[in-house]
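Novice: I'd like to go over a predicted model; first the sequence, then the structure.
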Amino acid sequence: MHAADRSAVPTNPLIPVQNTQQAEMAEGAEHARAADSPDRARNARKVLRHSVRAQVLEALRAALVDGELAPGEIYSGPALGERFGVSATPVREAMQQLALEGAVECLPNRGFRVLARTPRTLAELAEVRALLEVPVMLRLARTVPVETWESLRSDALATAEAAAAGDLPDYAAADRAFHRAVLSLADNAELVRLTEELHRRAQWPLPGAPRVRRADLVADAAEHSALLEALIAGDLPVVESLVREHFAGAH
């Protein structure tokens, strides 16, 4: 994305423009059907607006991972809303959520600036993630039955397929899903929530960084598969080695 084209967003975000238009049309139809029930109308409006906002939020998250929303650039809600085919309101709401996540900062009367990462920031994120995830994964390796690990094969396969396709946003989502599936076995919702947030932040690219190569994605996905096979085999020394190497490579 060129600096001069600040209203541009990726041509392949996670949210199809047509879907947002259909959602807004559905909202109008639901309002008409619910005219005789104010409570129903209010509830329908909340659900549909949340759906559009959630789609826009996921699209913006994908654009951040893909580097389409460039660090340091300023983007306005109305311009992005026009691109998505929605009003500026769900875009602003989504951007406010991204501000809470540390991805952007709000600039009054101007829009939102994408914050820049530094190598030190990514190294610190990797260190914190390792401190949280490694001990839990090692404990799970000793306690979770083989059949449960077997059930995660589809999650590992999803990362391999996204990597083979070279689709960075899809790979980022599959990567988080795999880690989330593993950590969910610890039955600690706060752990899953916190590690998910850290993982998402670790996936934002550095300013000016070259695009991640497909080969790098494939190699990262292979680490997931190797880890899962070691967990299934109950090979604790290999599990520990793979887990530590995985986070060391995230620096």
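Specialist: That came through, no problem. Numbers count the residues shown, from 1 in each chain.

Novice: Isn't residue 115 up against residue 104?
Specialist: Yes - assessed by Cβ atoms under 8 Å, residue 115 is found in contact with residue 104 at 6.1 Å. All C-beta atoms are positioned from the backbone trio N, CA, C, and that covers glycine.

Novice: Of the two, give the one with the bigger neighbour count.
Specialist: Using other Cβ atoms under 10 Å as the criterion, residue 115 and residue 104 rank with residue 104 on top: 25 against 17.

Novice: got a list of what the more buried one touches?
Specialist: By Cβ atoms under 8 Å, 6 or more residues apart in numbering, the residues touching residue 104 are 95, 98, 112-115.

Novice: what's across from it in the sheet?
Specialist: Beta-bridge partners recorded for residue 104 (DSSP bridges): residue 114.

Novice: Closest to residue 193 out of the contacts of residue 104?
Specialist: The shortest approach to residue 193 among the contacts of residue 104 belongs to residue 98, at 16.8 Å (Cβ to Cβ).

Novice: And the pLDDT at that closest one?
Specialist: Among the per-residue scores, residue 98 shows a pLDDT of 95.

Novice: Apart from its chain neighbours, what residue comes closest to it?
Specialist: residue 104 (4.8 Å; Cβ to Cβ, 6 or more residues apart in numbering).

Novice: Which residue ranges of the stretch 1-150 of the chain form strands?
Specialist: For the stretch 1-150 of the chain, strands defined by DSSP state E, counting those that start in this stretch occupy the ranges 74-75, 104-107, 111-114.

Novice: which other helices and strands contact the first one?
Specialist: Right, the one you point to is strand 74-75. Counting contacts by 3 or more Cβ pairs under 8 Å, 6 or more residues apart in numbering; DSSP states H and E, strand 74-75 packs against strand 111-114.

Novice: again, only using 10 Å
Specialist: Applying 3 or more Cβ pairs under 10 Å, 6 or more residues apart in numbering; DSSP states H and E, we find strand 74-75 packed against strand 104-107, strand 111-114.

Novice: Rounded mean pLDDT for stretch 213-224, please.
Specialist: Averaging pLDDT along stretch 213-224 gives 94.

Novice: Over to stretch 237-251?
Specialist: Here the average pLDDT along stretch 237-251 is 83.

Novice: re the thing from before, of the contacts of residue 104, just say which sits nearest to residue 214.
Specialist: The closest of these, once distances to residue 214 are taken by Cβ to Cβ, is residue 114, at 24.5 Å.

Novice: so who does that closest one touch?
Specialist: Going by Cβ atoms under 10 Å, 6 or more residues apart in numbering, residue 114 touches 60, 63-64, 67, 69-75, 98, 103-105, 204, 207.

Novice: For ChimeraX, what selects the buried ones among these?
Specialist: Buried subset of the contacts of residue 114, written as a ChimeraX selection, criterion 16 or more other Cβ atoms under 10 Å:
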select :60,63,64,67,69,70,71,73,75,98,103,104,204
